[in-house]
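Asks: Just need the structure, nothing else, for what follows:
(one chain, ligands or ions: 1)
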Amino acid sequence: MGKGRKKTADEVDVILIGAGIMSATLGTLINELHPRASIEIFERLDEVAAESSDAWNNAGTGHSALCELNYTPQRPDGSVDITKAIKIAESFEQSKEFWSYLVANGLVDRPESFIRSIPHMSFVFGKENVAFLKKRYETMKGHHLFQGMEYTEDHALLNEWIPLMMEGRDEKELLAATKIDIGTDVNFGALTRALFRHLMQQGGVKLRLAHEVRDIERAADGRWEVTVKNLTTDRKRTVSAKFVFIGAGGGSLLLLEKSGIPEAKGFGGFPVSGQWLKCTNPAVIAQHHAKVYGKAAVGSPPMSVPHLDTRVIDGKLALLFGPYAGFSTKFLKNGSWLDLPASIKLNNIRPMLAAGMDNIPLTKYLINQVRQSPEDRLAALREYVPTARMEDWELEIAGQRVQVIKKDEKHGGILEFGTEVVSSADGSIAALLGASPGASTSVSIMVGLLARCFPERAKTKQYLDKLREMIPSFSRSIAADEQLCRETRERSAAILKLEPTFESV
Ligand SMILES: Cc1cc2nc3c(=O)[nH]c(=O)nc-3n(C[C@H](O)[C@H](O)[C@H](O)COP(=O)(O)OP(=O)(O)OC[C@H]3O[C@@H](n4cnc5c(N)ncnc54)[C@H](O)[C@@H]3O)c2cc1C
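Replies: Residues are numbered from 1 along each chain as shown. As a prediction, this is how the structure comes out:
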């Protein structure tokens, strides 16, 4: 990048589509690794981070599998599988390392504007769920990544941990919780904006707001020609690049299909919308101080796990409960009702139908969620906050998730709840599909994407040295090396000011 043929005004090295946390992270990584690369970013909205990456559109959980029960499934023999939890916890440490590098080197400032310490808790009721949580705790407590996790069934201790959730409960109710103090609340919107502020100060980086990418085509010389519409002037322009990243969130699938790469064939998307209940009573908000994740009901999808979340948004404490799922054919919160039908092609209709047939419980669940009345939503909240009153909570629309559907030999098509990078064989174009654990693991996803798209460059000493400067644990294993884990966490905590300092909010 940055070398070779002479560029005209409409040629750049890199095009990033979408101005969410993913493009912000990739753009910053590329700029650090190749400061001379020219980068043009196109965003259809007139501000950055206004879709899923905005603080109110996601839950802001620094996903490190400390409390999310869907990352630790129970095996048929009853044991708990923590493989995925370890991977996610490790990825989140890499994110914190990269953010620490940004702060330590003055690329972004005021870490407290985007990350805060907050205990992460799991909370369950009923005999079976209590037995599961205990087993999960027993399995995790021996691993250094989850050191410091506490478990209790004792109502008196639960009263200290989560008074708001304990008020008004039957003393005999069988409850259990785990708590770990190293959890975080992350304002991914604030982080994205800080990253773009930094990028905008770099020569060679241009951000075009209110510019919608309409088409992506391969030119005869192998470059990608991206057609963009300026939504203010209605003018169209074509810009070409050697490398394109489709970081359009829910909009990525439609653009990936336009690229025509064979690797995109067979992918489909299943949109799931979300809603929160947002607490409006400061006295109630002040009574809770944790991110508390429950267990999804049998048959419901992982993203439906209810949680009661302390948030810090723009320096103010907030309290959210949800998400309540819903169905909409839009792929973006600010999208079109035609998104889903437009995404259906001959090459993905079979996987989509097969995934639909295999996921009837999900469809039923969504139908039930859509039909919920305010009273139903209050009843769900009261399982977590028994004394909740309707007048203290209002409904907020969350971001839109597009779950990945992909071809599968056995089933014809499967629905996935994770993220998926799809790239062309020559690495010149890549897209990110899917939602979870998403923003928290954006750094490892983007580092992996770079290695996949630029395999030769990613082996050079210069590249590896720079990556190790940005992510000191890179190519080593925090999961296998306890000492490395401790050192990494201590360094990140010191730079990102991660200690329980909620009094200062
Ligand atoms: C309800 C909910 C809760 C979540 N909770 C968490 C959580 O607790 N922790 C966590 O880590 N993650 C969470 N996530 C996931 C996280 O929000 C996403 O992984 C992350 O924000 C995705 O970032 P992105 O940059 O890919 O997409 P986005 O932030 O959606 O950005 C994509 C951008 O592309 C733009 N765009 C789309 N089409 C075009 C086009 N044609 N031309 C130009 N621009 C275009 C959009 O306008 C948008 O600004 C949650 C998501 C949801 C929806």
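Asks: Stretch 407-419 vs the ligand: in contact?
Replies: No - using C-beta under 6 Å from any ligand atom as the criterion, no contacts between stretch 407-419 and the ligand are found, and the smallest distance is 7.0 Å. Placement of C-beta: from N, CA and C, glycine included.
Asks: Could you give me the buried positions within that stretch?
Replies: By neighbour count on 16 or more other C-beta atoms under 10 Å, the buried set for stretch 407-419 is Lys407, Asp408, Gly412, Gly413, Ile414, Leu415, Glu416, Phe417, Thr419.
Asks: quick one, strands of the stretch 401-505 of the chain?
Replies: Under the criterion DSSP state E, counting those that start in this stretch, the stretch 401-505 of the chain carries strands at the ranges 401-408, 412-416, 419-423, 429-434.
Asks: weakest of these in terms of mean pLDDT?
Replies: Lowest mean pLDDT of the strands of the stretch 401-505 of the chain: strand 412-416, a mean of 83.
Asks: who does it pair up with?
Replies: Take DSSP bridges as the rule and strand 412-416 pairs in its sheet with strand 401-408 (antiparallel).
Asks: before we move on, the earlier item: out of the buried residues of stretch 407-419, which comes closest to Glu212?
Replies: The shortest approach to Glu212 among these belongs to Thr419, at 23.2 Å (C-beta to C-beta).
Asks: and the strands of the stretch 401-505 of the chain as CSV, adding distance to Gly18?
Replies: What follows is these, written out as CSV (distance: least, C-beta to C-beta, whole Å):
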stretch, distance to Gly18
strand 401-408, 13
strand 412-416, 21
strand 419-423, 14
strand 429-434, 9
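Asks: now for the ones you listed, which one comes closest to Leu353?
Replies: Using C-beta to C-beta as the criterion, the shortest distance between Leu353 and the strands of the stretch 401-505 of the chain is 7.1 Å, found for strand 412-416.
Asks: what residues does that closest one touch?
Replies: Surrounding strand 412-416, the residues in contact under the criterion C-beta atoms under 8 Å, 6 or more residues apart in numbering are 266, 268, 270, 348, 350-355, 358-359, 362, 403-408, 434.
Asks: What pLDDT does the model give Gly274?
Replies: Model confidence at Gly274, expressed as pLDDT, equals 88.
Asks: Any quick ChimeraX command for the buried ones out of the contacts of strand 412-416?
Replies: Selecting the buried subset of the contacts of strand 412-416 in ChimeraX, with 16+ other C-beta under 10 Å as the burial test, is done by:
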select :266,268,270,348,351,352,354,355,359,362,403,404,405,406,407,408,434
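Asks: Please state the offset of stretch 348-364 from the chain centre?
Replies: 24 Å (C-alpha atoms, centre = their mean, to the nearest Å).
Asks: Do a quick rundown of the helices in the stretch 201-350 of the chain.
Replies: Counting by DSSP state H, counting those that start in this stretch, the stretch 201-350 of the chain forms helices over residues 252-259, 282-285, 339-343, 349-358, given from the N-terminal end onward.
Asks: Whether the very next helix or strand once past the last one contacts the ligand - can you check?
Replies: Stepping forward along the backbone from helix 349-358, the first helix or strand reached (DSSP states H and E) is helix 360-370. No - if you take C-beta under 6 Å from any ligand atom as the test, helix 360-370 misses the ligand, and the best it gets is 12.9 Å.
Asks: Output helix 360-370 as CSV, restricted to C-alpha atoms.
Replies: Coordinates of the C-alpha atoms in helix 360-370 are reproduced here as CSV (Å, rounded to 0.1, in the frame of the first residue of the first chain):
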residue,chain,number,x,y,z
ILE,A,360,-39.0,-22.9,14.1
PRO,A,361,-38.6,-22.3,17.9
LEU,A,362,-36.7,-19.1,17.1
THR,A,363,-39.5,-17.9,14.8
LYS,A,364,-42.1,-18.8,17.4
TYR,A,365,-40.0,-17.0,20.0
LEU,A,366,-39.8,-13.8,17.9
ILE,A,367,-43.5,-13.9,17.1
ASN,A,368,-44.2,-14.1,20.9
GLN,A,369,-41.8,-11.2,21.6
VAL,A,370,-43.4,-9.0,18.9
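Asks: For the stretch 251-400 of the chain, which residue gets nearest to the ligand?
Replies: Here the residue of the stretch 251-400 of the chain nearest the ligand is Gly251; by C-beta to the nearest ligand atom that distance is 2.8 Å.
Asks: show me the contacts for that residue.
Replies: By C-beta under 8 Å, 6+ apart, the contact set of Gly251 is Gly18, Arg44, Phe331, Leu332, Gly335, Asp339.
Asks: about what we covered before: quick one: closest of the strands of the stretch 401-505 of the chain to Arg235.
Replies: Proximity of the strands of the stretch 401-505 of the chain to Arg235 was assessed by C-beta to C-beta; the nearest stretch is strand 429-434, lying at 24.4 Å.
Asks: Which elements pack onto the closest one?
Replies: Judged by 3 or more C-beta pairs under 8 Å, 6 or more residues apart in numbering; DSSP states H and E, strand 429-434 is in contact with strand 236-246, helix 252-259, strand 401-408, strand 419-423, helix 442-453.
Asks: Convert stretch 291-298 to CSV, retaining C-alpha atoms only.
Replies: Provided in CSV are the C-alpha atoms of stretch 291-298 (Å, rounded to 0.1, in the frame of the first residue of the first chain):
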residue,chain,number,x,y,z
LYS,A,291,-24.1,-6.0,34.7
VAL,A,292,-26.2,-8.9,35.6
TYR,A,293,-26.9,-11.6,32.9
GLY,A,294,-29.6,-14.2,33.3
LYS,A,295,-30.2,-17.4,31.4
ALA,A,296,-32.1,-17.5,28.2
ALA,A,297,-35.4,-19.4,28.3
VAL,A,298,-35.4,-22.9,26.8
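Asks: where does the closest residue to Gly126 other than its chain neighbours fall, phi/psi-wise?
Replies: The shortest distance from Gly126 to any residue other than its chain neighbours is 6.5 Å, reached at Leu174 (C-beta to C-beta, 6 or more residues apart in numbering). Reported as degrees, to the nearest 10, the phi and psi values for Leu174 are phi -80, psi 110.
Asks: cool, and the one 5 residues further on?
Replies: Taking degrees, to the nearest 10, you get phi -140, psi 140 for the backbone angles of Lys179.
Asks: Please report how far it lies from Lys291.
Replies: As judged by C-beta to C-beta, to the nearest Å, Lys179 and Lys291 stand 10 Å apart.
Asks: about what we covered before: any idea which of the helices of the stretch 201-350 of the chain is most buried?
Replies: Greatest average neighbour count among the helices of the stretch 201-350 of the chain goes to helix 252-259 (a mean of 23), per mean count of other C-beta atoms under 10 Å.
Asks: and the angle from that helix to strand 429-434?
Replies: Using axes from the mean of the first three to the mean of the last three C-alpha atoms, to 10 degrees, the direction of helix 252-259 lies 150 degrees away from that of strand 429-434.
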